[in-house]
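A.B. asks: let's see this in three dimensions:
(2 chains)
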Amino acid sequence: MAGSDTATPSDRSIRGDKSVLQSDDLSRVLDRIAHQILEKTRGGNDVVLLGIPTRGEFLARRLAERIATFGSTGVGLGTLDITLYRDDLRSHAVRPLGHTVEPAGGIDGKLVILVDDVLFSGRTIRAALDALTDLGRPRAVQLAVLIDRGHRQLPIRADYVGKNLPTSATEQVLVSLTETDGADGVSIGPGTVAGGAR
Amino acid sequence: MKHLLSAADLTAETAGQLLDTAEQMDAIQAREVKKLPALRGRTVVNLFFEDSTRTRSSFEIAGKWLSADVINVSAKGSSVSKGESLRDTALTVAALGVDALVVRHNASGAVQRVADWVGCHVINAGDGTHEHPTQALLDAFTLRRHVGELAGRHVVIVGDLAHSRVARSNVLLLRTLGAEVTLVAPPTLMPAGVAGWNCQTSWDLDATLAGKVAGDVDAVMMLRVQRERMGGAGSGRAGEVGYFPTEREYALGYGLSPDRLALLPDRAPVLHPGPMNRGLEISSAAADGDRSVVLDQVRAGVAVRMAVLYHVVAGAPETAPAGLIEVSA
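C.D. replies: From the prediction side, this is the model:
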């Protein structure tokens, strides 16, 4: 959600100025995060991955596939739309809602790992934590992000980080995934007047 | 969207977004905690000058599930019964600092007038015999669930069309979404000017349901005979204005009997916006049968009204494009 919503796929190909991760880099990063999750959760028992639409949803799916391959057990998989929990609903035009899919076993007592593409201000994750409260009571909540670009506005940090990417606050981090944009990759684009990604 | 006053205001795109949002809102019914924070701190007033059960209560539930503060004001027991005018009542309630008014009134066009007077958002919950856009949306939502995308589908609407705001809103919205509509009613209950409604009409229910008038039927919507708008029973017996000779004759000609139900294709759902006059426009066999989706419509009402409140109230105020000056009365 954070970091990439303002760009359409066609924008990306034009503005993909400075490539940060290529397709195979991104694949290796996801391999590593999957291994880290298995290591830190001691085999992935009771783990539920909740992707935050749009791109977090597909990242969560890829991580779940990798964990199933590398580990001995599969993990729960769902999506968590946070639109209604945003703190800036009043200052923007109405946003369409994404979909929330609760994993089969629910989230009560589970170790929930939120998955998103870019960690920036931390506000998306704040909203996700609120949304989680309405879904149930997890045993613990962790956070996995593909890119941590800094500039946090809230006391939130990620447990699993694909790549730390120092940026200026006005730059835009563009994450592309095959499922949504036709190809995998991460690049930095020039800032927008509005101050880059939210 | 500043207001929702007429189904005609909705483009196919906007209506599609509302229905998609409603799909997401509907998922909340399965949750333990039925609360979303989108309208926290907002106040919604249900201003009802006419009786209502399902519309008012579903607007109330929709607002509360979205965390808005919802207040009900009904004409009975309010200053309206002391003779206050519509304008004064609307301005008074709006002056309390509300974000949205949900208005129902027995005069056609009254809700549009209220929207011209007040500065807050206004949602039409039914005005006279004119429009009831949220009903049309929940009918479209229910239809979409049962027959799939509406483009090219054929919906038959039967009953007291002359007094129906549901019929007008439904025709407008269904046509916008690409569906075909056939209206069936006795000549006395056809609305004036129906020729300009962009749909087919028929006086023969059996032939229409059998697909002989406008092709195979994908869904049928029965409308209530609105006796309260006919100045009596509707049957002209006790010296009242008559729209049909007897109730029995109406039921024979235009009621959805078990025999007529059998004319429909197996998959076609039966809709009714309620309240139902059992034995008049709809038989109990049709109302309680497998194909009846009447209760699905009620359930959809909450999700659709949540979607409408979200789209109308939640976002930033829309600014008028430069060069346009808002004219208010």
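A.B. asks: grab the nearest non-local neighbour of the residue most central in space within chain A.
C.D. replies: By CA atoms, centre = their mean, the mean C-alpha position of chain A lies nearest to A:Asp116, the distance being 0.5 Å. Of all residues not flanking A:Asp116 in the chain, A:Gly56 sits nearest, at 4.1 Å (CB to CB, 6 or more residues apart in numbering or on different chains). Every C-beta, even on glycine, is put in place using the N, C-alpha and C of the backbone.
A.B. asks: ok now the helix or strand hosting that neighbour, how far from the chain's centre?
C.D. replies: Taking DSSP states H and E as the criterion, A:Gly56 maps to helix A:55-70. Offset of helix A:55-70 from its chain centre (CA atoms, centre = their mean, to the nearest Å): 11 Å.
A.B. asks: what does stretch A:104-117 give?
C.D. replies: On CA atoms, centre = their mean, the centre of stretch A:104-117 falls 13 Å from the chain's centre.
A.B. asks: ok, how many other residues are close to the closest residue to A:Asp17 other than its chain neighbours?
C.D. replies: Leaving aside its sequence neighbours, A:Asp17 sits nearest to A:Gly189 (CB to CB, 6+ apart; 5.3 Å). Counted by other CB atoms under 10 Å in any protein chain shown, the residues lying close to A:Gly189 total 21.
A.B. asks: and the residue of chain A closest to chain B?
C.D. replies: As assessed by CB to the nearest CB, chain B sits closest to A:Val94 within chain A, at 3.6 Å.
A.B. asks: A:Gln22 and A:Glu171, how far apart?
C.D. replies: Separation of A:Gln22 from A:Glu171 (CB to CB, to the nearest Å): 19 Å.
A.B. asks: what's the answer for B:Arg153, then?
C.D. replies: 49 Å.
A.B. asks: thinking again about what came up before, was I right to think the residue nearest to A:Asp116 contacts A:Asp117?
C.D. replies: Yes. Counting by CB atoms under 8 Å, A:Asp117 is a contact partner of A:Gly56 at 5.7 Å.
A.B. asks: to the chain's geometric centre, what's the distance from stretch A:179-188?
C.D. replies: 14 Å.
A.B. asks: still on that earlier bit, please name the nearest non-neighbouring residue to the residue of chain A closest to chain B.
C.D. replies: Distance criterion CB to CB, 6+ apart; nearest residue to A:Val94, sequence neighbours excluded, is B:Gly315 at 3.6 Å.
A.B. asks: just give the nearest non-adjacent residue to A:Asp130, would you?
C.D. replies: A:Tyr85 (4.6 Å).
A.B. asks: that neighbour and A:Thr178: what is the separation?
C.D. replies: Distance check for A:Tyr85 against A:Thr178: by CB to CB, it reads 28 Å.
A.B. asks: next up, the contacts around residue 40.
C.D. replies: Just so you know, I chose chain A. Neighbour list for A:Lys40: A:Gln142, A:Asp159, A:Tyr160 [criterion: CB atoms under 8 Å, 6 or more residues apart in numbering or on different chains].
A.B. asks: actually chain B
C.D. replies: B:Arg40 neighbours (CB under 8 Å, 6+ apart): B:Ser67, B:Ala68.
A.B. asks: now with 7 Å?
C.D. replies: Residues in contact with B:Arg40 (CB atoms under 7 Å, 6 or more residues apart in numbering or on different chains) are B:Ser67.
A.B. asks: three-state assignment of it?
C.D. replies: Here B:Arg40 is recorded as coil under DSSP: H, G, I helix; E, B strand; the rest coil.
A.B. asks: residues in contact with the residue in the stretch 101-250 of chain B positioned nearest to chain A?
C.D. replies: At 11.9 Å from chain A, B:His121 is the closest residue in the stretch 101-250 of chain B, using CB to the nearest CB. Counting by CB under 7 Å, 6+ apart, B:His121 touches B:Lys2, B:His3, B:Asp99, B:Ala100, B:Val312, B:Val313.
A.B. asks: any idea how far B:Met1 is from the fifth one?
C.D. replies: The reference is to B:Val312. 5 Å.
A.B. asks: list the buried residues of stretch B:264-280.
C.D. replies: Using 16 or more other CB atoms under 10 Å in any protein chain shown as the test for burial, stretch B:264-280 gives B:Leu264, B:Ala268, B:Pro269, B:Val270, B:Leu271, B:His272, B:Pro273, B:Gly274, B:Met276, B:Asn277, B:Leu280.
A.B. asks: residues near B:Cys258, how many?
C.D. replies: Actually, residue B:258 is Pro rather than Cys. So B:Pro258, with other CB under 10 Å, has 11 neighbours.
A.B. asks: quick one: it and chain A, what's the gap?
C.D. replies: As judged by CB to the nearest CB, to the nearest Å, B:Pro258 and chain A stand 40 Å apart.
A.B. asks: that residue touches B:Ile282, doesn't it?
C.D. replies: No. Counting by CB atoms under 7 Å, B:Pro258 does not reach B:Ile282; the two are 10.9 Å apart.
A.B. asks: tell me the pLDDT of residue 79.
C.D. replies: As the question left the chain open, I've gone with chain A. If you check A:Thr79, the pLDDT there is 96.
A.B. asks: that's the wrong chain, I meant chain B
C.D. replies: So B:Ser79 comes in at 80 (pLDDT).
A.B. asks: who's in contact with it?
C.D. replies: B:Thr89.
A.B. asks: which of the contacts of B:His121 tops the neighbour count?
C.D. replies: In those, the most neighbours by other CB under 10 Å go to B:Ala100, 27 neighbours.
A.B. asks: ok, that residue - contacts?
C.D. replies: B:Val44, B:Cys120, B:His121, B:Ile123, B:Val312, B:Val313.
A.B. asks: rerun at 10 Å
C.D. replies: B:3-4, B:39, B:42-46, B:59, B:63, B:68, B:70, B:94, B:118, B:120-123, B:308-309, B:312-313 (CB atoms under 10 Å, 6 or more residues apart in numbering or on different chains).
A.B. asks: so which of the residues you listed belong to strands?
C.D. replies: B:Thr43, B:Val44, B:Val45, B:Asn46, B:Val70, B:His121, B:Val122, B:Ile123 (DSSP state E).
A.B. asks: ok, which pair from the residues you listed is furthest apart?
C.D. replies: Spatial extent of the ones in strands among the contacts of B:Ala100 (CB to CB) is set by the pair B:Val70 and B:Val122 at 15.3 Å.
A.B. asks: and those two? which has more neighbours close in?
C.D. replies: Under the criterion of other CB under 10 Å, the comparison of B:Val70 against B:Val122 puts B:Val122 first, with 26 against 22.
A.B. asks: and the gap between the closest residue in space to the more buried one that isn't next to it in sequence and B:Asp99?
C.D. replies: Distances taken as CB to CB, 6+ apart place B:Ala115 nearest to B:Val122, at 4.0 Å, with adjacent residues excluded. In this view, B:Ala115 and B:Asp99 are 14 Å apart by CB to CB.
A.B. asks: swap in B:Glu13?
C.D. replies: In terms of CB to CB, B:Glu13 sits 25 Å off from B:Asp99.
A.B. asks: my guess is the residue nearest to A:Asp116 contacts A:Leu77, does it?
C.D. replies: No. The criterion here is CB atoms under 10 Å, and A:Gly56 misses it with A:Leu77 at 11.8 Å.
A.B. asks: any regions of the stretch 51-200 of chain B where pLDDT drops low?
C.D. replies: Scanning the stretch 51-200 of chain B for pLDDT under 70 picks out no residues.
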